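*Asks:* What follows is a predicted protein model with its sequence.
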Amino acid sequence: MGLFEPGRIGHLALPNRIVMAPLGRARNDPDTREPGALSVEYYVQRASAGLIISEATHVSPGSVSRPGTGAIHTAGQIAAWRRVTEAVHQAGGRIFQQLFHLGRKADPDRLPGRQAPVAPSAIAASGTLPTPNGPKPFPVPRALRLGEIAGLRDEFGLAFVNASAAGFDGIELHAANGFLIEQFLRDDSNQRGDAYGGSLANRARFLLQLVDAAIKVFGPEGVGVRLSPHFTVDGPGASDIDHIYPYVAAQLSQRAIAYLHVIEPDATPAERKIARSLREVFGGPFILAGDFTRDSAEAAIAEGRADYVAFGRLYIANPDLVARFRLPEPVLNPPDEATWYSGGAHGYTDYPTLSAALASAA
């Protein structure tokens, strides 16, 4: 089995095993957070992927980040995303929407009423967040009261309904990269003493409640989950990754969701790798991500470490990545990091196509 073998995720037949990873590009309307014609073009350019996972999309006004990030909590946002999904489907593609909440990593200056961000516990993330006046330390969040957690679940629940109305084939819960759902999973950010903290079952409760709610809208075949067991950019990370993440994988397996998506670069030291064990516990379609090349992705699939491989930076610069990977030696555009969040078409939809690159090399 290789990258170009067809596969199946949920109810979708995939023509290949190349997944476009979720990529925040800050190209949505800065006021309404609606995707426009440029976003439609961007996603259509990449429709040859086996599966597109959209940029991380905010579920509520209380979760917003930098201007230009997308959201799915208004009628205008639903209609705008529907134009994206319709165009992707017309181009023969398949697309899930990644949904998230920033939790403690939100900027109070961008939240309604400049309120403090919320989190499982009043523990600030390590590092800084970007602001118009330069980077500033992450704020100390307000610990959620037990009775408030149901309201957060309702925000996600509305996002699931909205994503369905927008025509997405499914949703991916962003339980990675230190955002709210992962803040509940990790014991460095979750020191609650109630039903949402402490034990493995309690720390996973919020994620699993969201999964169950999403299943009611999309069915299990339309729900994916992304995890990042080794993420330590904003803190020490979970002290028990060999326990909490296998527990989560087992619970997701019982729900027979569409896929489990795990970030674990090949460069992770062998003694720390857990993706293979998570795949065995989960049992269903397994997506692996983390700076893979075509050859390392082929090896991961051939060795049974993954069913699909997600590519991020390579998809920024190479909209026709599938065609490029089919070459004996892929001809790849390098990504221009300075344009990742700069706005406009440059560095977003204007990367040279393969035909243009081959012509210029001739």
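*Replies:* Looks like it came in fine.
*Asks:* residues in contact with S65?
*Replies:* When contacts are counted by Cβ atoms under 8 Å, 6 or more residues apart in numbering, S65 is found next to H58, L102, K105, A106, D107, R110. The way it works is simple: take the backbone N, C-alpha and C, and place the C-beta from them, glycine included.
*Asks:* same thing but at 6 Å, please
*Replies:* Contact analysis of S65 by Cβ atoms under 6 Å, 6 or more residues apart in numbering lists L102.
*Asks:* That one is in what secondary structure piece?
*Replies:* Using DSSP states H and E, S65 sits within no helix or strand.
*Asks:* for the chain, which spans come out with low pLDDT?
*Replies:* 357-362 (pLDDT under 70).
*Asks:* What segments of the stretch 1-150 of the chain are strands?
*Replies:* Applying DSSP state E, counting those that start in this stretch to the stretch 1-150 of the chain gives strands spanning 7-9, 12-14, 18-20, 51-53, 57-58, 95-100, 118-119, 128-129, 136-137, 142-143.
*Asks:* gap between the third one and the chain center?
*Replies:* Relative to the chain's own centre, strand 18-20 is displaced by 12 Å; criterion: Cα atoms, centre = their mean, to the nearest Å.
*Asks:* so what does that strand touch, helix or strand wise?
*Replies:* Under the contact definition 3 or more Cβ pairs under 6 Å, 6 or more residues apart in numbering; DSSP states H and E, strand 18-20 sits against no other helix or strand.
*Asks:* Check the longest one too.
*Replies:* The elements that strand 95-100 packs onto, with contact taken as 3+ Cβ pairs under 6 Å, 6+ apart, are strand 51-53, strand 170-175.
*Asks:* For these, give me TSV that also has distance to R326.
*Replies:* Below are these laid out as TSV (distance: least, Cβ to Cβ, whole Å):
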stretch	distance to R326
strand 51-53	18
strand 170-175	26
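*Asks:* would you say H243 is within a helix?
*Replies:* Yes. Counting by DSSP: H, G, I helix; E, B strand; the rest coil, H243 is located in a helix.
*Asks:* who does the nearest residue to I215 once chain neighbours are set aside bridge with?
*Replies:* In this structure, I215 finds its nearest non-sequential neighbour in V223, 5.7 Å apart by Cβ to Cβ, 6 or more residues apart in numbering. Bridge pairing for V223 (DSSP bridges) gives the partners I171.
*Asks:* What ranges does this structure have for its helices?
*Replies:* Assigned by DSSP state H, the helices in the chain fall at 37-45, 75-90, 149-165, 180-185, 200-218, 241-254, 275-282, 294-302, 313-317, 321-325, 354-361.
*Asks:* export the ones you listed to CSV and tack on distance to G127 and mean neighbour count?
*Replies:* Shown next, in CSV, are the helices of the chain (distance: least, Cβ to Cβ, whole Å; neighbours: other Cβ atoms under 10 Å):
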stretch, distance to G127, mean neighbour count
helix 37-45, 28, 18
helix 75-90, 29, 18
helix 149-165, 23, 19
helix 180-185, 14, 26
helix 200-218, 22, 19
helix 241-254, 20, 18
helix 275-282, 25, 19
helix 294-302, 28, 18
helix 313-317, 21, 20
helix 321-325, 31, 20
helix 354-361, 37, 12
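*Asks:* Let's have those helices in JSON lines, adding distance to T339.
*Replies:* As requested, those are exported to JSON lines (distance: least, Cβ to Cβ, whole Å):
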{"stretch": "helix 37-45", "distance to T339": "13"}
{"stretch": "helix 75-90", "distance to T339": "20"}
{"stretch": "helix 149-165", "distance to T339": "28"}
{"stretch": "helix 180-185", "distance to T339": "28"}
{"stretch": "helix 200-218", "distance to T339": "33"}
{"stretch": "helix 241-254", "distance to T339": "34"}
{"stretch": "helix 275-282", "distance to T339": "31"}
{"stretch": "helix 294-302", "distance to T339": "24"}
{"stretch": "helix 313-317", "distance to T339": "9"}
{"stretch": "helix 321-325", "distance to T339": "18"}
{"stretch": "helix 354-361", "distance to T339": "18"}
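*Asks:* And A122, how close does it get to Q254?
*Replies:* Per Cβ to Cβ, to the nearest Å, A122 is found 33 Å from Q254.
*Asks:* next one: G197
*Replies:* Counting by Cβ to Cβ - G197 and Q254 are separated by 22 Å.
*Asks:* re the thing from before, can you say which of the helices of the chain is nearest to H11?
*Replies:* Across the helices of the chain, H11 has its closest neighbour in helix 200-218 (9.7 Å, Cβ to Cβ).
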